[in-house]
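J.: 3D model of this:
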Amino acid sequence: MKIWNKTSVSLLAASIALSGCMTMGPAYEQDKEYQLTILHTNDHHGRFWQNSNGEYGMAARKTLIDNIRAEVQQAGGEVLLLSGGDINTGVPESDLQDAEPDFKGMTMLGYDAMAVGNHEFDNARDVLMKQTEWADFPFLSANIFEKGSKDTLFPAYEMFEVQGNRIAVVGFTTEDTVKIGNPEYTADLDFKSPVEVAEKLIPKLNKKADLVVAVTHMGHYDNGNYGGNAPGDVTLARAVSGIDVIVGGHSQVPLFEPDVQNGTLILQAHEWGKYVGRLDLTIKNGDIVASKYRLIPVNLKDRVKDAEGNSTYVLKEAEIPEDPAMLALLKPYQDKGAESLNVVIGTSNGKLVGERAMVRSKPTNLGVLIAKAQMEKAKADVAIMNSGGIRADMAEGDITYKDVLTVQPFANILTFVDLSGVELMEYLKVAISKEAGSGAFAQFYGVEIIATNGEINSADVNGAPIDANKTYRLAINSFMASGGDGYPKVSDHPNFVNTGFVDADLLAEFIKNNSPIKVEDFDPGYMIDRM
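T.: Purely as a prediction, here's the structure:
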């Protein structure tokens, strides 16, 4: 049962209320110390079930959170449980069921609010609205507006009261969503700058609330150096005074200590429910006078080797038992998803690299394989794949349909467009400009490029330089074709074709038809100087 009394307030209603001439005074007792514990997770990405090593999972998370709640309440404090968003996309058992187990699991866990993440827009709007019905907590974002309107798609913030202390929890979503989200599902929305919205909203909330907590999906970037990404939490904290705590997500980093910027405590708990962040606050006269923070690992394990070189996994901390009620809720979903996913479709003789830090920074064999599969299916000359659409490695050995869906979970459609040599060169110029470390970073097949300082010195297709007077077929996914990740929009080009083939399905077909996969056949074999 939730401990907080809360009232949802839309941005419009909030503006009316906050502009009124009366502001109620604090109800807390002067000079008395109150204890508030904020628990948080972010970037869940479908991990409702523990992994094969018994790590994380919502059943163990429930035991942990229940124990913390009991401890805090016994000491006279209260708990607020928040999510930094991105519940969707990442595990086939979840993806195939529209994240129903995840949102229903969050409801059982007793989440109080969540930020809307960019991956909440991986699905059609009716799926997103269905997810709000599965959740008994609000989705918050103050900067997502219905296009051309002053109305937000979701409530801007939520008001809580604990022992007379008024807590405003306000949501913000990365404005990069229009670039990295599926344009088909965001075309009717305006993603405004969180900083610009916060500059107007936070001072109003400071008049209404004793504490302001921002739950965000914007990313934590050291010293505010956000590179090719949209500005993140550090920029927000530095630009807008009056935010006491930022509970963040998006960049999927573990902050083992709060990053304090402009008096704001910035938190983030890595990803997938691997950790639960715990911030214990002492509040006096509406101010934070003391705090303590840690990330609590949820059955995470270290890989260690014995004297003979054999590997084993050792728990970082004491094992957290799985909650039986949560297991009972989730197991039918896990079983249903597993039935169709664990069929072996092929094998490989080595690892295919799709891990985030690698595939977003340099060409990899998995990037080449995916691009080649798409190029062959489209009978194209060149294929380009955005690295943000590649979500995991493929291990050596058997490959299942589940492995394929884990790598490509977005159900994008293969498309192609016939371009003149001039148009193709312009497209390639954009592709090579995508910054390493971002999801836009390009993986290629069918073209060899030499470029310096952002300028293409040479580009060869089928062993010959691109001819301005010839026509070339470019294969890309529907996300990129619609202008996703800042690529040129080609879905309105007269030569554009949507094939109807889902990317994961055609990848599975390619693996099946070319198994066993020899990783040496997909070595990038070329380097592109993009400096």
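
J.: which SSE is residue 333 in?
T.: Per DSSP states H and E, residue 333 falls inside helix 324-339.

J.: which element follows that helix toward the C-terminus?
T.: The C-terminal neighbour of helix 324-339 among helices and strands, as given by DSSP H and E, is strand 344-348.

J.: may I see the buried residues of the helix or strand that comes right after that next one?
T.: Using DSSP H and E, the helix or strand that follows strand 344-348 towards the C-terminus is helix 356-359. Buried residues in helix 356-359, defined by neighbour count with 16 or more other C-beta atoms under 10 Å: 356, 358, 359. Where you see a C-beta, it was placed from the backbone N, CA and C, and this is true even at glycine.

J.: wait, residue 212 touches residue 201, no?
T.: No. Residue 212 lies out of contact with residue 201 (C-beta atoms under 8 Å); the separation is 9.5 Å.

J.: give me the common contacts of the two.
T.: Residues touching both residue 212 and residue 201 (C-beta atoms under 8 Å, 6 or more residues apart in numbering): residue 170.

J.: before we move on, the earlier item: averaged pLDDT, the helix holding residue 333. What do you get?
T.: If you average the pLDDT over helix 324-339, you get 95.

J.: and that helix, C-alpha only, in PDB?
T.: Output in PDB follows, covering the C-alpha atoms of helix 324-339 (Å, rounded to 0.1, in the frame of the first residue of the first chain):
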ATOM      1  CA  PRO A 324       7.000 -15.300  -4.200                       C
ATOM      2  CA  ALA A 325       4.100 -13.100  -5.100                       C
ATOM      3  CA  MET A 326       6.100 -11.200  -7.700                       C
ATOM      4  CA  LEU A 327       7.300 -14.600  -9.200                       C
ATOM      5  CA  ALA A 328       3.700 -15.700  -9.400                       C
ATOM      6  CA  LEU A 329       2.700 -12.600 -11.300                       C
ATOM      7  CA  LEU A 330       5.700 -12.700 -13.700                       C
ATOM      8  CA  LYS A 331       6.300 -16.400 -14.400                       C
ATOM      9  CA  PRO A 332       3.300 -16.900 -16.800                       C
ATOM     10  CA  TYR A 333       4.700 -14.000 -18.900                       C
ATOM     11  CA  GLN A 334       8.200 -15.500 -18.900                       C
ATOM     12  CA  ASP A 335       6.900 -18.900 -19.900                       C
ATOM     13  CA  LYS A 336       4.700 -17.500 -22.600                       C
ATOM     14  CA  GLY A 337       7.600 -15.500 -24.100                       C
ATOM     15  CA  ALA A 338      10.100 -18.300 -23.800                       C
ATOM     16  CA  GLU A 339       8.000 -20.800 -25.800                       C
END
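
J.: so which elements touch it?
T.: Counting contacts by 3 or more C-beta pairs under 8 Å, 6 or more residues apart in numbering; DSSP states H and E, helix 324-339 packs against helix 58-74, helix 92-95, helix 100-109.

J.: quick one: residue 491 from residue 282, how far?
T.: 54 Å (C-beta to C-beta, to the nearest Å).

J.: for residue 361, same thing?
T.: According to C-beta to C-beta, residue 361 stands 42 Å off from residue 282.

J.: which residue packs closest to residue 114, ignoring adjacent ones?
T.: residue 83 (3.7 Å; C-beta to C-beta, 6 or more residues apart in numbering).

J.: cool, residue 91 as well?
T.: Excluding the flanking residues, the one nearest residue 91 by C-beta to C-beta, 6+ apart is residue 46, at 3.5 Å.

J.: so which strand or helix has the residue located most distally from the centre of the chain?
T.: The outermost residue of the chain relative to its centre, with distances by C-alpha atoms, centre = their mean, is residue 469 at 41.9 Å. Residue 469 belongs to no helix or strand when assigned by DSSP H and E.

J.: that one and residue 423 touch, don't they?
T.: No. Assessed by C-beta under 8 Å, residue 469 is found out of contact with residue 423, at 11.8 Å.

J.: what about the residue positioned nearest the centre of the chain, is that helix, strand or coil?
T.: Per C-alpha atoms, centre = their mean, the C-alpha nearest to the average position across the chain is that of residue 86, at 4.3 Å. Following DSSP: H, G, I helix; E, B strand; the rest coil, residue 86 is assigned to coil.

J.: for the nearest residue to it once chain neighbours are set aside, give me its contacts.
T.: In space, and not counting its chain neighbours, residue 86 is closest to residue 117: 3.4 Å by C-beta to C-beta, 6+ apart. Each residue near residue 117 by C-beta under 8 Å, 6+ apart is listed here: 43, 84, 85, 86, 87, 88, 173, 217, 249, 250.

J.: repeat that for 10 Å
T.: Listed by C-beta atoms under 10 Å, 6 or more residues apart in numbering, the contact set of residue 117 reads 42-45, 83-89, 139, 141, 173-174, 177, 181, 216-218, 249-250.

J.: let me see the contact set for residue 136.
T.: By C-beta under 10 Å, 6+ apart, the residues touching residue 136 are 2, 103, 104, 106, 107, 108, 110, 111, 112.

J.: 7 Å - rerun?
T.: Counting by C-beta atoms under 7 Å, 6 or more residues apart in numbering, residue 136 makes contact with residue 107.

J.: for residue 523, same thing?
T.: Residues near residue 523 by C-beta under 7 Å, 6+ apart: residue 365.

J.: quick one: it and residue 367, what's the gap?
T.: Distance of residue 523 to residue 367, given as C-beta to C-beta: 11 Å.

J.: where does the stretch 251-400 of the chain dip in pLDDT?
T.: Of all residues in the stretch 251-400 of the chain, none has pLDDT under 70.

J.: oh sorry, the question was meant for the chain
T.: In the chain (pLDDT under 70), the answer is 1-25, 526-531.

J.: break it down into its structural domains.
T.: Segmentation of the chain into domains, based on automatic domain parsing, reads 34-333, 343-522.

J.: nearest to residue 27, out of those?
T.: With respect to residue 27, and counting by C-beta to C-beta, the nearest of the domains of the chain is domain 34-333 at 3.6 Å.

J.: my guess is residue 244 contacts residue 209, does it?
T.: No. Under the criterion of C-beta atoms under 7 Å, residue 244 is not in contact with residue 209, lying 9.3 Å apart.
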